[in-house]
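Student: Sequence unavailable; structure follows:
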């Protein structure tokens, strides 16, 4: 591709990106309709379990069952942080770094590099019209 004019490569890139966006939009619209249909069916199956007291139901077409799904969150991060420290339970936090905040910290403190911090850098191309 090195002998193809840069203008042509840029034009091709933008054209492909636009086509991908169009395909993605169409897929998302159609997928949203299907998701809504599935949600309505799941609700009907859940109501069947609730009405009959069943935890699972086997049919000639397949098996469905209900389970309890729980999500946990905090509305008070300061208290949660203190709780984690006081009870020595750091595993309550997910092991990930906020990329933006780490980058900002390192830019503001170039002489401070946390032990064990790894950095991957790569050049990327951004194309705009």
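Tutor: Okay, I see it. Remember, predicted model here, so these are calculated numbers, not experimental data.

Student: how close does residue 67 sit to residue 41?
Tutor: 17 Å (C-beta to C-beta, to the nearest Å). All C-beta spots, glycine's among them, are computed from the backbone N, C-alpha and C.

Student: Of those two, which one has the most company?
Tutor: residue 41 (11 against 6; other C-beta atoms under 10 Å).

Student: Now the more buried one: which helix or strand?
Tutor: helix 6-52 (DSSP states H and E).

Student: what helices or strands is the helix or strand that that helix is followed by leaning on?
Tutor: Downstream of helix 6-52, the first helix or strand assigned by DSSP H and E is strand 56-59. Applying 3 or more C-beta pairs under 8 Å, 6 or more residues apart in numbering; DSSP states H and E, we find strand 56-59 packed against helix 6-52, strand 62-65.

Student: Now mean pLDDT too, for these, in CSV please.
Tutor: CSV is the format used below for these (pLDDT from 0 to 100):
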stretch, mean pLDDT
helix 6-52, 96
strand 62-65, 93
